[in-house]
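1. Pasted the sequence and its predicted model underneath.
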Amino acid sequence: MNAKAEHYDVIRKPIITEKATMASENNAVVFEVAIDSNKPMIKEAVEALFGVKVKAVNTTITKGKVKRFRGQLGTRKDVKKAYVTLEEGNTIDVSTGL
């Protein structure tokens, strides 16, 4: 497997919410990442895919809510988010496609 495919496996998609937009004002970008990824993997993937220097990576795991699906109880999947802080002068425009 080539390295680029592995990087795309780590980073699923950018998260564009009100909170993520506020984080972008502090030079941070928020991504949904693979649940089994770790901070060094996320840092390497962001630097390789976007050509930027990463200052710090903070992660959080949101547990899936219990919801009803067609009357049956089910659980949404757990989601891992990465708040990636970039070095000064580096930017990622998440509003355009990858």
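-> Received it, and whenever you're ready, just let me know what you need.
2. would you list every one of the helices in the protein?
-> Counting by DSSP state H, one finds helices in the chain at the ranges 3-10, 18-24, 39-50.
3. Which residues outside the first one are in contact with it?
-> Pointing back at helix 3-10 there. Helix 3-10 is contacted by residues 33-34, 37, 41-42, 44-45, 48-49 when judged by Cβ atoms under 8 Å, 6 or more residues apart in numbering. Where you see a C-beta, it was placed from the backbone N, CA and C, and this is true even at glycine.
4. How many residues are close by the residue lying closest to K63 once chain neighbours are set aside?
-> Among residues not flanking K63 along the chain, D78 sits closest, at 5.5 Å (Cβ to Cβ, 6 or more residues apart in numbering). D78 has 10 neighbouring residues, counting by other Cβ atoms under 10 Å.
5. residue contacts, D78?
-> 35, 61-64.
6. Kindly list the main-chain dihedrals of I16?
-> I16 adopts backbone torsions of phi -120, psi 90, taken as degrees, to the nearest 10.
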